[in-house]
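>>> can you look at this prediction? I've put the sequence above it.
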Amino acid sequence: MLSDYAPILVFLGFVLLFAIGVPSLSAALGPRKPSPAKDLPYESGIVPRESARRRFSVSFYVTAMLFIIFDVESIFLFPWATIVRQLKVFGIVEIGIFIATLLVGLLYVWRKGALRWD
Amino acid sequence: MTLLLGIVMLLAAISALGVVLSRQTLYSALSLVVTLSMVAVIFLLLNAQFLFAVQIIIYAGAVMVLFVFIIALLNPEAEDRPAFDWRSWIGIAAVAGITILVFVTARNGITYNDGGLRGAQIGRVSDPYHTFSFPPDAVNAAGNVQTVAGQLFTTFILPFEITSLLLLVAAIGAVYLTRREHSGS
Amino acid sequence: MIGGDEWWVLLIKIVVVVLGLVTIAAYLTLAERKVSARIQLRIGPNRVGPYGMLQPAADAVKMLFKENTAPSNRDRLLFLVGPSLAAGAALLSFAFIPLGINNWFNYQFHWDVGHANVGLLFILGVSSYGVYALFLGGWAANSKYSLLGGLRASAQLISYEMAVAFALIGAVIIAGSLDLEQIVHAQQGAWFIVLQPLAFLLYFTGAFAETNRAPFDLPEAETELVAGYHTEYSSLRFGLYFLGEYVNMVVVSSIATTLFLGGWLPIFPFHPFDWIPGPLWFLGKVAVLIFVMMWVRWTFPRLRYDRLMSFGWKVLLPLGLVNILITGTVVALRA
């Protein structure tokens, strides 16, 4: 019931306190001697010439998109897994169709080379 | 309980405003993460633990990761925002009015029984397909996920299987959109 | 009463869990250095206290008094959020893990902070915020190494999150519940590592990637990325990322213990094994898994990033699905 989650709320409060308090503590206690060199991002001693934020390989986006698809699948599988015993063979057939459809998707993605990183 | 619900709803509304009002696109996306998480907490307060987990894992944990990836790495400049004038306020009022109208109309389809919010009975009695009564005690005895699963994998078997087709189409779409020039060779 | 406990019991539990996790994480850094030293025929830290036992305390004090350096063209807010979120998400996900149940004078004491009937999904949900911590921390610094590290980390985390979820479903099918206490109870006959050896292997392999540890530590590969997403962090902000990483090791080992190694159950259900209290069994099993993780780190070389990603998608993911189908069929036919 609801009161089950009150402890989590209190715990969350403590964790927030810790996660915000600790870096503030070191910010208060540490020395502060800024210099132009310290303000630069580290690049093995070479002065950075341009912003680091630029476009990256499309593979990262493909990964994120495919992740959503299979994450949705896994979220359907969790409730199914809890009642496999009650659903009996019917449950196997329906989840078999579901997983087979998605395996076709995975195979297609695989064959098209979307899982290849180069 | 009602107080907590109010606070969470307020946070959801504030972060939703942040989505619209922040100048940096990435901050908009991160505000949306907060909004979606707060909606998840509302589900939790309504005793829908499974929906809470789904909302967090799918929306905050997967969909928004893609948004953040794309926004952070395409690095759009801070957007030029047109100034507000009286015409924008008319638009805002119209949208707000329609939204309230939709909610008021929808409210008529939802009847609350004595169990209050948590024992909500959804749908009308004249439409049996949408009438389910899940008293909180019975749901907790069977388990929240088990109750959802029992409905999902029996009554709603067809929508469930169609979902797999939708996901298949999404996978094909993702590959097609990001196809590289040399993939044919 | 808050939840099932008096408020002061809850307070003690929370303080013990937070401080305990931080202390364990600190001593894991020492353990890591000692284990690596033994494997490489060195001695390891031995100057601060007997056997270097005070080394973590010395490290903490040192980090506390270090300067907070930060590149000037960073994103100020997100640069601060990154490390706090990394440590916070890791600590929070431990809240649902049950370390044991004791009956004292008609009072049932649960060795956990919170209990939920979808506890497993809660942990997966909370840990999905860790992706933001690594990516945003790396992005905010506006440094090339950090950005590449953060990008790699988040792509790797999401890829292996599914492999891990599919592996866990195998255990859920047999237990028939997402309630972590009930999953442990379901293992009284046989631990799920016996019934689900493939799922355990898949989960534990994925766990290395989830914690960014060798041989899957591409996000912080020293030879190419200096330190990955936390290159630009110093003092305790760096410490928080480090803490998050080691707490995550504890969390993934705890999940593996709960789902596959029988949680707090003794190895044999008779004397003298059941004289040892449940939480000690639990922590012992976690310690063994963590030792294996360290052992692996100092034994295997790092993978190439494309190999890592295709291993997750082309090996772990299909194997997990096959395992689900086989397990489901067997369980349904025997029901």
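Structure's in. What do you need?
>>> and the strands in chain A?
Taking DSSP state E, chain A contains no strands at all.
>>> same check on the stretch 201-335 of chain C?
Along the stretch 201-335 of chain C, counting by DSSP state E, counting those that start in this stretch, no stretch forms strands.
>>> check which residues of the lengthiest helix in chain A are buried.
If you go by DSSP state H, chain A has its longest helix at helix A:84-111. The neighbour-count check on helix A:84-111 (16 or more other C-beta atoms under 10 Å in any protein chain shown) flags A:84, A:86-87, A:91-92, A:94-95, A:98-99, A:101-103, A:105-106, A:109-110 as buried. (Each C-beta comes from the backbone N, C-alpha and C, glycine too.)
>>> now, which of these sits nearest residue C:74?
residue A:109 (36.3 Å; C-beta to C-beta).
>>> distance of residue C:52 from chain A?
23 Å (C-beta to the nearest C-beta, to the nearest Å).
>>> show me what contacts the residue nearest to that residue when sequence neighbours are not counted?
Spatially, and ignoring its direct neighbours in sequence, residue C:52 is nearest to residue C:45 (3.5 Å; C-beta to C-beta, 6 or more residues apart in numbering or on different chains). Residues counted as contacts of residue C:45 (C-beta atoms under 8 Å, 6 or more residues apart in numbering or on different chains) are C:30, C:33-34, C:37, C:52, C:55.
>>> try it again at 7 Å.
Going by C-beta atoms under 7 Å, 6 or more residues apart in numbering or on different chains, residue C:45 touches C:30, C:33, C:52, C:55.
>>> same check on residue A:59?
Here residue A:59 is in contact with residue A:117 (C-beta under 7 Å, 6+ apart).
>>> please tell me how far it sits from residue A:74.
Distance of residue A:59 to residue A:74, given as C-beta to C-beta, to the nearest Å: 21 Å.
>>> for chain B, what's its nearest residue on chain C.
With C-beta to the nearest C-beta as the measure, residue C:128 is the residue of chain C nearest to chain B, at 2.9 Å.
>>> what sits closest to that residue if chain neighbours are left out?
Residue nearest to residue C:128 in three dimensions, not counting chain neighbours: residue B:61, with 2.9 Å by C-beta to C-beta, 6+ apart.
>>> same question, residue B:29
Distances taken as C-beta to C-beta, 6+ apart place residue B:67 nearest to residue B:29, at 4.8 Å, with adjacent residues excluded.
>>> for the one you found, report the pLDDT, please.
pLDDT, residue B:67: 87.
>>> list the buried residues for the helix or strand where residue B:16 lies?
Using DSSP states H and E, the secondary-structure element containing residue B:16 is helix B:2-21. Neighbour-count burial for helix B:2-21 flags B:8, B:11-12, B:15-16, B:18-19 (criterion: 16+ other C-beta under 10 Å).
>>> and those residues as CSV, adding pLDDT and distance to residue C:24?
Formatted as CSV, these follow (pLDDT from 0 to 100; distance: C-beta to C-beta, whole Å):
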residue, pLDDT, distance to residue C:24
B:8, 88, 33
B:11, 91, 33
B:12, 91, 36
B:15, 91, 34
B:16, 89, 39
B:18, 87, 37
B:19, 86, 39
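>>> nearest to residue C:212, of these?
residue B:15 (29.1 Å).
>>> the nearest residue to the closest one once chain neighbours are set aside: neighbour count?
Spatial nearest neighbour of residue B:15, excluding adjacent residues (C-beta to C-beta, 6+ apart): residue B:34 at 3.9 Å. Residues within reach of residue B:34, counting by other C-beta atoms under 10 Å in any protein chain shown, total 18.
>>> could you do residue C:39 as well?
Using other C-beta under 10 Å, residue C:39 has 13 neighbouring residues.
>>> swap in residue C:43?
By other C-beta under 10 Å, neighbour count at residue C:43 equals 10.
>>> I'd guessed residue C:56 sits against residue C:27; true?
Yes: between residue C:56 and residue C:27 there is a contact under C-beta atoms under 7 Å: 5.6 Å.
>>> which one's more surrounded, those two?
residue C:56 (22 against 16).
>>> buried ones in the helix or strand encompassing the more buried one?
Following DSSP H and E, one finds residue C:56 within helix C:55-64. Using 16+ other C-beta under 10 Å as the test for burial, helix C:55-64 gives C:55-56, C:59-60, C:63-64.
>>> and what of stretch A:76-84?
By neighbour count on 16+ other C-beta under 10 Å, the buried set for stretch A:76-84 is A:76-84.
>>> do that stretch and chain C meet at all?
Yes: if you take C-beta under 7 Å from any C-beta of the partner chain as the test, stretch A:76-84 does meet chain C, through A:77-78, A:81-82, A:84.
>>> which residue does chain B have closest to chain C?
Closest point on chain B to chain C, by C-beta to the nearest C-beta, is residue B:61, at 2.9 Å.
>>> from residue A:72, how far out is that residue?
Distance from residue B:61 to residue A:72, by C-beta to C-beta: 11 Å.
>>> look at the two and report which has more neighbours.
Just comparing residue B:61 and residue A:72: by other C-beta under 10 Å the higher neighbour count belongs to residue B:61, 28 against 21.
>>> could you dump stretch C:179-189 to CSV, C-alpha only?
Extracted C-alpha coordinates of stretch C:179-189, given in CSV (Å, rounded to 0.1, in the frame of the first residue of the first chain):
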residue,chain,number,x,y,z
ASP,C,179,8.7,-9.1,-5.3
LEU,C,180,12.4,-9.6,-4.3
GLU,C,181,11.5,-11.2,-1.0
GLN,C,182,9.2,-13.7,-2.7
ILE,C,183,11.9,-14.4,-5.3
VAL,C,184,14.3,-15.4,-2.5
HIS,C,185,11.6,-17.5,-0.9
ALA,C,186,11.1,-19.3,-4.2
GLN,C,187,14.7,-20.4,-4.1
GLN,C,188,14.3,-22.5,-0.9
GLY,C,189,14.3,-25.7,-2.9
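>>> what does that stretch rub up against?
With contacts defined as C-beta under 7 Å, 6+ apart, stretch C:179-189 is touched by C:96-98, C:101, C:115, C:117, C:119-120, C:171, C:174-175, C:177, C:258-259, C:262-265.
>>> please apply the same query to stretch C:66-86.
So stretch C:66-86 is contacted by A:19-20, A:23, A:26-27, A:30-33, A:38-41, C:129-130, C:132-134, C:136-137, C:140-143, C:232-235, C:237, C:240-241, C:244 (C-beta under 7 Å, 6+ apart).
>>> put the buried members of the residues you listed into a ChimeraX selection.
Buried residues among the contacts of stretch C:66-86 (16+ other C-beta under 10 Å), as a ChimeraX selection:
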select /A:19,23,26,30,40,41 /C:129,130,132,133,134,136,137,140,141,142,143,232,233,234,235,237,240,241,244
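>>> where along chain A do the helices fall?
So, for chain A - with DSSP H - the helices run A:6-29, A:36-39, A:58-82, A:84-111.
>>> wait, chain B
For chain B, applying DSSP H gives helices covering B:2-21, B:25-45, B:49-54, B:64-74, B:86-107, B:136-142, B:144-152, B:157-177.
>>> residue contacts, the closest residue to chain A within the stretch 1-150 of chain C?
Closest to chain A within the stretch 1-150 of chain C is residue C:143: 3.3 Å, counting by C-beta to the nearest C-beta. Counting by C-beta under 7 Å, 6+ apart, residue C:143 touches A:41-42, A:52, C:71, C:231-232.
>>> who are the neighbours in contact with the closest residue in space to it that isn't next to it in sequence?
The shortest distance from residue C:143 to any non-neighbouring residue, by C-beta to C-beta, 6+ apart, is to residue A:41 (3.3 Å). Contacts for residue A:41 (C-beta under 7 Å, 6+ apart) come out as A:48, A:52, C:71, C:141-143, C:232.
>>> ok, 6 Å please
By C-beta atoms under 6 Å, 6 or more residues apart in numbering or on different chains, the contact set of residue A:41 is A:48, C:71, C:143, C:232.
>>> repeat that for residue C:266.
Per C-beta under 6 Å, 6+ apart, neighbours of residue C:266: C:273-274, C:281.
>>> please redo it, this time with the cut-off set to 10 Å
Contact analysis of residue C:266 by C-beta atoms under 10 Å, 6 or more residues apart in numbering or on different chains lists C:272-278, C:280-281.
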